[in-house]
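Peer 1: this one's structure only:
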């Protein structure tokens, strides 16, 4: 059985190994062939440094996507954008999760560090 790492809490610490809005075990599968992708980009001030006064906070924008595909009935995609380096420790993300047969889920996650 393949279980995709879901998260039903407000906190997140594993960004590149989990799905931030997916329910636990909802998308588990016994299929032998599936694909997953976890991608994020840290802008490191590329955009936030151009905003006057905001650049003094030294907060950095981060964006990405998490997805898996088993078949056309069992797939999931979420996209997120957030700010990291808040008080040099925290990260806040706004996440939208999409599945073909469900409503879009939107949530906020608080994390620690860049991982």
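Peer 2: In hand now; what should we look at? As the structure is a computational prediction, the values presented were derived from the model and not from experiment.
Peer 1: ok, and the closest non-adjacent residue to residue 19?
Peer 2: residue 66 (5.1 Å; Cβ to Cβ, 6 or more residues apart in numbering). Every C-beta, even on glycine, is put in place using the N, C-alpha and C of the backbone.
Peer 1: The one you found bridge partners, please.
Peer 2: residue 38, residue 78 (DSSP bridges).
Peer 1: now swap in the one 5 residues further on and tell me
Peer 2: Residue 71 has the following beta-bridge partners by DSSP bridges: residue 74.
Peer 1: Excluding chain neighbours, what is closest to residue 18?
Peer 2: Going by Cβ to Cβ, 6+ apart, residue 18 has residue 5 as its nearest residue, at 3.8 Å.
Peer 1: Could you report the neighbour count for that neighbour?
Peer 2: 14 (other Cβ atoms under 10 Å).
Peer 1: The residue nearest to residue 19: how many residues sit nearby?
Peer 2: 26.
Peer 1: show me what contacts it?
Peer 2: Residue 66 makes contact with 18-20, 36-39, 77-78, 80, according to Cβ atoms under 8 Å, 6 or more residues apart in numbering.
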